[in-house]
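1. Pasting the sequence and the predicted coordinates here, then a few questions.
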Amino acid sequence: MPNRFIRLLPALFLVAGVAFAATKPAVTKKLDVPPIDYKHRTLANGLELYSVQDRSTPTVAIHVWYRVGSKSDPEGRSGFAHLFEHIMFKSTAHMPAEMMDRLTEDVGGFNNAGTNDDYTVYYEVVPSNYLQTLLWAEGERLGSLTVDEANFKSERDVVKEEYRFRVLAPTYGRFFNAIAKNSFTVHPYRRPGIGSIEELDASTVEDVVAFHKTFYRPDNAVMIIVGDFDQKQLDTWVDRYLGTIARPTTPIPRVTVQEPVRTEAKRVVEHGPNVPLPAVAITWLAPSASSPDAAALNVADSILSGGESSRLYQSLVYRKQLAQQVNSSADLREDLGLFAVTSIMAGGKSVEEGEKALMAELDALIKTPVGAAELEKAKNLLLTRLLRDRETNDGKASALGEAIVVKHDAAEVNKGLASVQAVTAADVQRVLKKYVAGGKPVVITYTAEPAKGGAQ
Amino acid sequence: MLMTITTLVAQEAIETTPPPPAPPRAAQVPQPSEKTLKNGLRVIVVQKRNVPLVAARLLIKAGGEADPAKLAGLADLTASLLTKGTATRSAEQIAQQVEALGATLESGAGWDTSFVNVNVLSSKLPRAIAYLADVARNPTFKQDEIDRLREQNVDSLSVAMRQPRALAGFVASRVLFGEGPYGHALSGTPESLQQIKRDDVAAFHKTWYRPDNAILVIGGDIDAQRGFALAEESFGTWKATGPAPAAVKTEPLQPKRRIVVVDLPDAGQAAVVVTRPGISRLDPAYSVASVTNSILGGGYSSRLNIEIRVKRGLSYGANSAFDLRRDAGPFSAQTQTKNESAAEVASIMVSELDRLATSAVAADELTPRKAALIGNFGRALETSNGLVTRIAGLALYGIPLSDINKYIGGVEAVTASDVQSFSSSHLGGAQASVVIAGDAKKFIDDRN
């Protein structure tokens, strides 16, 4: 079933034990993997086209990445970019609502989309003989989206159910939703991309029209095609269905807000119903995904929480039996990032014990250089996971999109591996000293609502 | 009101209908090879070359259904303990050595099977297979590891019990299978976990983990001869003593229809499950059941999702599945919705079961639902893990591996009348039980 929100909450990646997708390094010859060999051109209307041919299966992945995400939600409309993403599956001038499903699922393919803080991506995987059809359809929703009140309201109800499904129903949904909210002070990354019931209710059809007009334009889009196609034919079709869409002359609004350096540590207490085990998160401001420090932070993250041999697991879960689940993340985004550690406590253990143990592990990694074998293990885990992420055409397109849109450099998709391989023990110490020891923590604790004593 | 957002396309360029597809290119289905070692271990290798990754899975032909009556969770605990220490490696050493390869090693139990999986770069497969064999063959089940894992599982259950979906799932199994082998939670309960002793774990392992009750499936960047040789190296000396035990049999049940509400005060949503006995994986109606479910609740454009999400905005998604096991497993349809709409959603689900049983599916619905199924099948074979999962699903139940070539034909042959007659005997809503877990004060009238 399509999950039209999959890239939004870094917290969800924490739960899944996977570091945030914005920071994937690439594969080089050391692993004997061919680089992703992409072609690139920019159309006259500003649309960027990247293509990677792989004819081993008769399928093709079609991605369109728009350089607009939740950070551009209008004021008082948090969750809007994501709601808008859902509306993109409704009608266009020549497509009735849900026709995208007719052109994908009904012919043995699938479609999905995801809204991230920094971008919104729409994608399909179809039998390759449908490539031309889907290029037409992507041109339709970029060029002539239409929306009616009934469809808008019904889809808004779906998104409200999605909010309940992700935030209210899971035991730690509110906890993970609270991390970004309490970690940024002025940057719009502080607003949850999933929004809130009240702000979703406040949105209107007119907002949809304005948002499409402002951000959905060829010079704000990156199209990525991976799989079974003929390059010449692809170029002809893209020119025909997307190259004919005019480029507006107005500028595209960009988020320019600078998050200030934290000047003091902060503690936040959050509560929720049905919380059998308390939880704690500690965050620090971190650099953007394109920072030269990104690779070392990713390796630090892997040392701390990559697998059961990782330091946080071995210490908090295995030896001390303080935690039911631990994680760390180098959640590096387009503008800046967060480095975070989290722990859901074991039965009878307190968040204070958790915080102390998490800090002790960070201190140890800052004070004593990591050994060669442990460093190598952390890199191998990172690189193998990356390779698995790129097993399919769709996975390759995602990796390329992240490099282009979040890191501003398509070549990063292949260069990233060398950066990870080059990280030294001293690099790991240096970045943790800079961002963790040299930064100010925000500590977020999450416990059962005190007023309802029955919940534990 | 219909608002057109923008029409920036130059008029002469507008093409108002989608261009038709070109002729399709046929997909290649990878072909498995197999060999049985002298000790009875069945080894299957399926090659797929494009990425240097391999997935290997050891299947034991017994899982949660083999849990003794008062020891629910024994199969799962036993499988999870495999990686927590062997005769020559501690839990920490296993994790370190496996992860030094960049590999992942996981073990657990499902219904009808326990498993150990490894995912690894093909260049590092020999060492990874050796670790897989060590944990499957030589676990020590140390008491402190048992105690630690038991506490972790009890904690996990305390979390699961506060989540509407998990809670509804636990109850649905009980409603359908009662005290039968499929009736309990795979993970056990806080009470049953306390009853499990080290001897129970060791006995479960001794009974079921033996080469003549196991299958090794290796898929990805590896050729058959090399796979067979690696299997021989790591498993050749594994010995079985005495005759292999027979699989635990589950008698078909005719449970009474029940409506069960589990009150979870302040739950953020209600989980709604509609369930009834389904079919066995070995049922000749396999293809018909697959197509029927694709129409009803398999995929975005299936009826349940269309009615509940797309038309009414009542959920983020609704779906259904036949859980195909050695003996008939459950059929269940499920969704989550705001507490206030739980009853409405339950009645939509029941009426969709009835609609399929009482009226024929039109060709313009049947054809795309088959295509969706066939597309999913092909895509699942694109990763080494997906390939191993598909082959393992055939091997576990003794289905010929060549059936991987019959899936598409089987789906294509299903007719609208096949679907309707299958639905009328297997899906009628009047025989289905309903389980709702949520904040009950918002959806039931408790004045009586």
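-> All right, it came through fine. Numbering: from 1, shown residues only, chains lettered A, B, ... in the order given.
2. What are the structural domain limits within the chain?
-> All of this refers to chain A. For chain A, automatic domain parsing gives the domain ranges A:10-241, A:266-455.
3. um, chain B though
-> If you go by automatic domain parsing, chain B breaks into B:33-235, B:259-442.
4. Got the confidence number for B:His298?
-> Small correction: residue B:298 is Gly, not His. B:Gly298 is assigned a predicted lDDT (pLDDT) of 96.
5. And the residue of the stretch 151-300 of chain B found nearest chain A, how far from B:Ala440?
-> Nearest residue of the stretch 151-300 of chain B to chain A: B:Gly268, at 2.5 Å (Cβ to the nearest Cβ). C-beta: built from backbone N, CA, C; applies to glycine. For B:Gly268, the distance to B:Ala440 equals 14 Å [Cβ to Cβ, to the nearest Å].
6. go on, B:Asp327?
-> Taking Cβ to Cβ as the measure, B:Asp327 falls 33 Å from B:Ala440.
7. neighbour count winner among the two?
-> Taking other Cβ atoms under 10 Å in any protein chain shown, B:Asp327 and B:Ala440 do not tie; B:Asp327 has more neighbours (23 against 18).
8. pLDDT score assigned to the more buried one?
-> Looking at B:Asp327, its pLDDT is 94.
9. picking that back up, isn't the residue of the stretch 151-300 of chain B closest to chain A up against A:Gly173?
-> Yes: the pair B:Gly268 and A:Gly173 passes the contact test of Cβ atoms under 8 Å, sitting 7.0 Å apart.
10. Please enumerate the shared neighbours of these two.
-> A:Val167 (Cβ atoms under 8 Å, 6 or more residues apart in numbering or on different chains).
11. Between those two, tell me which one has more neighbours.
-> For the pair B:Gly268 and A:Gly173, the greater number of neighbours falls to B:Gly268 (26 against 23), based on other Cβ under 10 Å.
12. quick one, what contacts the more buried one?
-> For B:Gly268, the contacting residues are A:164, A:167-170, A:173, B:164, by Cβ under 8 Å, 6+ apart.
13. what does B:Thr335 give?
-> Taking Cβ under 8 Å, 6+ apart as the test, what B:Thr335 contacts is B:271-272, B:304, B:308, B:314-315, B:317-319, B:345, B:349.
14. what about 7 Å?
-> Contacts for B:Thr335 (Cβ atoms under 7 Å, 6 or more residues apart in numbering or on different chains) come out as B:272, B:308, B:315, B:317-318, B:345.
15. Let's see the PyMOL selection covering just the buried ones among those.
-> In PyMOL syntax, the buried subset of those is picked out as below (16 or more other Cβ atoms under 10 Å in any protein chain shown):
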select buried, chain B and resi 272+308+315+317+318+345
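16. Pull the number of nearby residues for the residue of the stretch 51-200 of chain B found nearest chain A.
-> In the stretch 51-200 of chain B, the residue found nearest to chain A is B:Gly102; the distance is 3.3 Å by Cβ to the nearest Cβ. As a burial measure, B:Gly102 scores 27 neighbours (other Cβ under 10 Å).
17. Torsion angles phi and psi at it?
-> As for B:Gly102, its main-chain torsions (degrees, to the nearest 10) stand at phi 80, psi 10.
18. for B:Ser423, what are its contacts?
-> Applying Cβ under 7 Å, 6+ apart, we find B:Ser423 in contact with B:292, B:356-357.
19. As CSV, those with neighbour count, secondary structure and pLDDT would be great.
-> Below are the contacts of B:Ser423 laid out as CSV (neighbours: other Cβ atoms under 10 Å in any protein chain shown; DSSP: H, G, I helix; E, B strand; the rest coil; pLDDT from 0 to 100):
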residue, neighbour count, secondary structure, pLDDT
B:Thr292, 27, helix, 98
B:Leu356, 24, helix, 95
B:Ala357, 21, helix, 93
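20. Before we move on, what's the pLDDT of A:Gly17?
-> You'll see A:Gly17 listed with a pLDDT of 27.
21. Please apply the same query to B:Thr16.
-> 88.
22. Check whether it really touches A:Thr92, as I assumed.
-> No: the criterion here is Cβ atoms under 7 Å, and B:Thr16 misses it with A:Thr92 at 10.6 Å.
23. what about these two, which has more around it?
-> Between B:Thr16 and A:Thr92, counting by other Cβ under 10 Å, A:Thr92 is the more crowded of the two (23 against 9).
24. Now residue 71. Nearest residue, chain neighbours left out?
-> Picked chain A for this. Spatial nearest neighbour of A:Lys71, chain neighbours left out: A:Pro188 (4.2 Å); criterion: Cβ to Cβ, 6 or more residues apart in numbering or on different chains.
25. looking at chain B here, not the other one
-> Excluding the flanking residues, the one nearest B:Leu71 by Cβ to Cβ, 6+ apart is B:Ile196, at 5.4 Å.
26. Could you list everything A:Val226 pairs with in the sheet?
-> Under DSSP bridges, the beta-bridge partners of A:Val226 are A:Val52, A:Ala61.
27. Could you identify which of the contacts of B:Gly268 has the most neighbours?
-> Counting neighbours by other Cβ under 10 Å, B:Pro164 leads those with 27 neighbours.
28. Mind pulling the model confidence for the nearest residue to that one once chain neighbours are set aside?
-> Residue nearest to B:Pro164 in three dimensions, not counting chain neighbours: B:Ala271, with 3.8 Å by Cβ to Cβ, 6+ apart. With respect to pLDDT, B:Ala271 scores 98.
29. can you count the residues close to B:Ala271?
-> 26.
30. How about the one 3 residues further on?
-> By the criterion of other Cβ under 10 Å, B:Val274 has 27 neighbours.
31. which element is residue 201 on?
-> I went with chain A, as the question did not name one. Secondary structure assigned from DSSP states H and E places A:Asp201 in helix A:197-202.
32. Oops, wrong one, chain B.
-> Under the criterion of DSSP H and E, B:Val201 resides in helix B:198-208.
33. so where's the stretch 1-150 of chain A shaky on pLDDT?
-> A:1-33 (pLDDT under 70).
34. tell me which parts of it are close to chain B?
-> When proximity is defined by Cβ under 7 Å from any Cβ of the partner chain, the stretch 1-150 of chain A lies next to chain B at A:1-2, A:31-33, A:56-58, A:93-94, A:98, A:101, A:103, A:105-109, A:125, A:127-130, A:132-133, A:136-137, A:143-149.
35. Model confidence for A:Leu400, exactly?
-> For A:Leu400, the pLDDT comes out at 98.
36. typo on my end, A:Ala286
-> Listed pLDDT for A:Ala286 reads 98.
37. Can you tell me who it pairs with across the strands?
-> Using DSSP bridges, the bridge partners assigned to A:Ala286 are A:Gly337.
38. ok now do it, which residues does it touch?
-> Neighbour list for A:Ala286: A:297, A:330, A:332, A:336-339, A:435 [criterion: Cβ under 7 Å, 6+ apart].
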